[in-house]
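>>> Just a sequence and a predicted model for now, questions to come.
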2 protein chains.
Amino acid sequence: MNQEKQSLRGLKVLDMTQFLAGPYCGLTLADLGAEVIKVENPSGGDYVRKAVPKINGVSMYFENMNRGKKGITLNLKTKEGKELFAMLLAETDVLIENNRPGVMERLGFSYEQAKKINCGIIYCSISGFGQTGPYSQEPGYDLIGQAMSGAMSITGMKGMIPLKYGVPIGDVLAGMNGIIGILAALNYRNKTGEGQYIDTSLVDGLVSSMLTNSLSYFAEGTIPGRSGNRYFNAYPYDSFTAKNGEYVVACGTDQHFIALANAMGMPELAEDSRFQEFLIRKSGESPDALKDIIDKWGSDKTVEECVSTFKAVQIPTAPIYDVKRMAEDKHIRDARKMFVEVEHPVAGKITITGNPIKMSATPTTPNKCAPLLGEHNEEIYGYLGIESTTLKEYKEKKII
Amino acid sequence: MNQEKQSLRGLKVLDMTQFLAGPYCGLTLADLGAEVIKVENPSGGDYVRKAVPKINGVSMYFENMNRGKKGITLNLKTKEGKELFAMLLAETDVLIENNRPGVMERLGFSYEQAKKINCGIIYCSISGFGQTGPYSQEPGYDLIGQAMSGAMSITGMKGMIPLKYGVPIGDVLAGMNGIIGILAALNYRNKTGEGQYIDTSLVDGLVSSMLTNSLSYFAEGTIPGRSGNRYFNAYPYDSFTAKNGEYVVACGTDQHFIALANAMGMPELAEDSRFQEFLIRKSGESPDALKDIIDKWGSDKTVEECVSTFKAVQIPTAPIYDVKRMAEDKHIRDARKMFVEVEHPVAGKITITGNPIKMSATPTTPNKCAPLLGEHNEEIYGYLGIESTTLKEYKEKKII
């Protein structure tokens, strides 16, 4: 891949983040060609370096979240560490951090403090609840965000407990909102020279993503509940059971339903008073009755047979893949290249998740390893003019 | 708000999208200050203008998804419509579309065709499965994306059916990936003058968001399953039942657990051989046993009492909010301003969801209405130099 042609080539980013939300922001900037320098404490670094599974001691969690970044160590609580950081700060375009609000200020590097060193800096803080407001000091776990955003209240079966989404989506959304803010701020800075502060959070991102779920409350006071895999506005739009698993069908119109009834060999369903009309079909006891019929029809068929029967008549349908089937799917893996093999100096050949943004002139490059702890100390500190004897001393003193 | 200072001020965007993923991309660009022109067919426009709930006939779904955009009508199947569109295309910076792959080419406006009219255009296609690969013609419903990405396979209770997330997250992620691609491409174009094509999809975005969920499969062949609200790597990290609802606790360490046992008045739990050690506590039958104890303790207490008892000793915990409580929460609503009142010419005062990206120099502006159908025809077509008599004729002929 031609690394010359990357959309963010030349952009310098200091990535002071750990765990998921912040690192996702940094890794995407790296995929887009920015020089992202991950700054870690010298005593072990990012907490997720310890996360399993590991290959030859290398955490696959860390690899996925930090691909394509350079890595340096720095103890920000030491005087020399603060001096080094101020030098890095003077040279950077962007800083990302996901500490609890207040921590960067106590270290001496809040936005207001950083601006004195680098007036054009774009400074992005990602946190659980944001920098302002009564919950700003609450911890930012994904489970807590999903609970307080209302997302869990609309996930799960009717009459059963609220459930979290299996994907840590609060973290991912917060990281993505950070990227959008940074890139928009970069466009503004390119025109005006002015930097700025960006404040985004897990809960903000989750609430924003729910804009279609909360509008009924604001319009008419309706509080949405849980409905399993059903969509309140059409039926059959649900998951169904075949003899070897589950699949989904999304029948939006009467035409779809007639096609479905015919495909099942039950054209009479389309004339049945419970199912004949769109509005009746999705209301009262009709969905339960129809689900029973479709599940009974599928009970002696495989998921593949059910899906191909419905696909043949243009009904939107799909198998419910597990992670293995997704990872081995010819479309996702081969055509869309959503997984990338990387040669790691310690772990050997590993597979990580690729980038979802396919760009024609400046392709995203999710095909590089994450850094070993302190791997780029000599390069980055050398660039700042620090002598190698000083670096050696700093390393012994655990400053880097 | 000072609309002069917006990060994307001056950027022109043609938004050829409907439903959710594409419009979310356009609305965020509008929140950032771009002039986003939504192009709709003259016979009814965006399909979600029909979506309930409505206030005075105005769809709140449409309002949320199209705030801050200008609106024009255009029939792209007519000769005059194509001529008008070519004129719009020549003036724009960005085009967003979420038609099924191939539709724009048949209309005469694929990226390759559009580039001949505007060589620097940034052209973003958002679809269900992407522009390439065997499933590219499959319909792009969120339910289908959640099924095929593997996301449903890891959402739900152990031993029960896979469940979708209640939020149409495939759409939201695709829209956000579109924005990131567009803004990165804009940065590249600012430097080189070169535009490009961006291809992203619901399934690509979902797969990318699952990078921490799929790494065990690539590292060791493990297929992750469903575990309700439990996290496999620590306990108690789950939801619990109080007398009036559910709440979550995220106890990551032994210290947290000792604090929890003391707070419940059961310090002996921290000495119990089933719970004493982190690794034992999260394994075998210990989580079930511990959940029973915590649920029994909470059975005569309200969610608020349970949460405040644990918060008092610094244990990460939260109530599970429904949409009403989220919408009325002092932090989310008042401090973070995640809901915005807008004065609509037909619907009156309405509340829509705000923007999660808080920027200091160029605040996001989610505080404007969506356009009425064809509201800005005179302004936009007038700007192209089309006479008002011609516009009147075109309107009668349903060209606009």
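Thanks, I have the structure now.
>>> Dump stretch A:168-176 to CSV, keeping only the CA atoms.
Extracted in CSV, the C-alpha atoms of stretch A:168-176 (Å, rounded to 0.1, in the frame of the first residue of the first chain):
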residue,chain,number,x,y,z
PRO,A,168,-19.0,-2.4,24.4
ILE,A,169,-20.7,0.2,22.2
GLY,A,170,-20.5,3.1,24.6
ASP,A,171,-16.8,3.0,24.3
VAL,A,172,-16.8,2.6,20.5
LEU,A,173,-19.2,5.5,20.0
ALA,A,174,-17.3,7.8,22.3
GLY,A,175,-14.1,7.1,20.4
MET,A,176,-15.8,7.7,17.1
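>>> Which positions within it qualify as buried?
A:P168, A:I169, A:G170, A:D171, A:V172, A:L173, A:A174, A:G175, A:M176 (16 or more other C-beta atoms under 10 Å in any protein chain shown). C-betas here are computed from N, CA, C, even on glycine.
>>> and if you look at stretch A:356-366?
Of the residues in stretch A:356-366, A:P356, A:I357, A:K358, A:M359, A:A361, A:T362, A:P363, A:T364, A:T365, A:P366 count as buried by neighbour count, 16+ other C-beta under 10 Å.
>>> got those as CSV, with secondary structure columns?
What follows is those, written out as CSV (DSSP: H, G, I helix; E, B strand; the rest coil):
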residue, secondary structure
A:P356, coil
A:I357, coil
A:K358, strand
A:M359, strand
A:A361, coil
A:T362, coil
A:P363, coil
A:T364, coil
A:T365, coil
A:P366, coil
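>>> Where does pLDDT dip in chain A?
By pLDDT under 70, the weakly predicted segments of chain A are A:1-4.
>>> how about a cut-off of 50?
The model of chain A has pLDDT under 50 over residues A:1.
>>> thinking again about what came up before, which of the buried residues of stretch A:356-366 are close to chain B?
Counting by C-beta under 8 Å from any C-beta of the partner chain, A:P356, A:I357, A:K358, A:M359, A:A361, A:T362 from the buried residues of stretch A:356-366 sit close to chain B.
>>> which one of the residues you listed sits closest to B:G382?
Relative to B:G382, the closest of these is A:A361; by C-beta to C-beta it sits at 33.8 Å.
>>> Not counting sequence-adjacent ones, nearest residue to the most centrally placed residue in chain A?
Nearest to the mean C-alpha position of chain A, by C-alpha atoms, centre = their mean, lies A:V172 at 2.7 Å. Closest residue to A:V172 apart from its sequence neighbours, by C-beta to C-beta, 6 or more residues apart in numbering or on different chains: B:S209 at 4.5 Å.
>>> Report the contact partners of the one you found.
Counting by C-beta atoms under 8 Å, 6 or more residues apart in numbering or on different chains, B:S209 makes contact with A:V167, A:I169, A:V172, B:A151, B:I169, B:L173.
>>> Go ahead and confirm the second one touches A:Q146.
Read it as A:I169. Yes. A:I169 is within contact range of A:Q146, at 7.4 Å (criterion: C-beta atoms under 8 Å).
>>> and A:V58, what does it touch?
Per C-beta under 8 Å, 6+ apart, neighbours of A:V58: A:H344, A:V346, A:A347, A:I350.
>>> Once you drop chain neighbours, what's closest to the residue in the stretch 1-150 of chain A positioned nearest to chain B?
Proximity of the stretch 1-150 of chain A to chain B (C-beta to the nearest C-beta) peaks at A:G133, 2.7 Å away. Leaving aside its sequence neighbours, A:G133 sits nearest to B:A335 (C-beta to C-beta, 6+ apart; 2.7 Å).
>>> Say whether chain B is contacted by stretch A:146-161.
Yes. Counting by C-beta under 8 Å from any C-beta, chain B has neighbours in stretch A:146-161: A:147-157, A:160-161.
>>> now swap in stretch A:11-21 and tell me
Yes. Stretch A:11-21 reaches chain B (C-beta under 8 Å from any C-beta) through A:L11, A:L20.
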